[in-house]
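Novice: sequence first, predicted model second:
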Amino acid sequence: MSQQRPAETAINLQLKGLEILHASCNVPENPQVSMANFHFNINLDHKAEFSQNLLAVIVSVEVRSEDQQQVFGALVLSNIFSIENIDTVVGIDPENGQLQIPQVLAELLATQSIATARGTLFGMFKGTFMHHAFLPIIDTRSFQPQPQQ
């Protein structure tokens, strides 16, 4: 049985750090490949350090060719947030060990983390053949958790 957190809990958070865990920009194998459109694979993962009141949102982005056959670039960025009294806001499902983050907080953190990844990608790609590969605006309410493997 999963443990539910009260919806009315006030959440005080602050961005504490950013860490680029991986970054790459790859020259296309085929110089004739179209650069008109890009495909983005985006994944989010959450890690908590309850003793330090920290929650990391790890954004992984792959920038692929329109046909998805080539990876042009990639970024893995850890957005580290301090959440006051994290243990009253974030829970752990005793059945599977997954973090239970209130939907409103999960959406806020996802939106901020993806926006930060967008800016980081722009800085990485500026002046390269990927200069116009802008990560699109994403409605994070459509994100669905995937079961852990």
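Specialist: Thanks, I have the structure now.

Novice: distance of the most centrally placed residue in the chain relative to residue 123?
Specialist: With distances taken as Cα atoms, centre = their mean, residue 59 lies nearest the centre of the chain, 2.5 Å away. Separation of residue 59 from residue 123 (Cβ to Cβ, to the nearest Å): 15 Å. All C-beta spots, glycine's among them, are computed from the backbone N, C-alpha and C.

Novice: end-to-end on stretch 30-44?
Specialist: 30 Å (Cα to Cα, to the nearest Å).

Novice: stretch 81-94 too?
Specialist: Using Cα to Cα, the two ends of stretch 81-94 sit 23 Å apart.

Novice: gap between it and the chain center?
Specialist: 18 Å (Cα atoms, centre = their mean, to the nearest Å).

Novice: tell me the mean pLDDT for that stretch?
Specialist: For stretch 81-94, mean pLDDT is 95.

Novice: in that stretch, which residues are buried?
Specialist: Counting neighbours by 16 or more other Cβ atoms under 10 Å, one finds that the buried residues in stretch 81-94 are 81, 83, 86, 89-91.

Novice: residues in contact with the longest helix along the chain?
Specialist: In the chain, ranked by residue count with DSSP state H as the criterion, the top helix is helix 103-125. With Cβ atoms under 8 Å, 6 or more residues apart in numbering as the contact definition, helix 103-125 has outside contacts at 7, 11, 13, 15, 18, 20, 23, 25, 42, 44, 46, 55, 57, 59, 61, 63, 73, 75, 77, 79, 81, 89-90, 101, 130-131, 133-135, 138, 140-141, 143.

Novice: so which of the residues you listed are in helices?
Specialist: Per DSSP H, those map to helices at residue 89.

Novice: just the contacts of helix 103-125: which are in strands?
Specialist: When DSSP state E is applied, the contacts of helix 103-125 are split such that 13, 15, 18, 20, 23, 25, 42, 44, 46, 55, 57, 59, 61, 63, 73, 75, 77, 79, 81 fall in strands.

Novice: hmm, back to that, neighbours around the nearest residue to the residue nearest to the centre of the chain once chain neighbours are set aside, how many?
Specialist: Nearest residue to residue 59 in three dimensions, chain neighbours excluded: residue 117, at 4.4 Å (Cβ to Cβ, 6 or more residues apart in numbering). For residue 117, the neighbour count with other Cβ atoms under 10 Å is 24.
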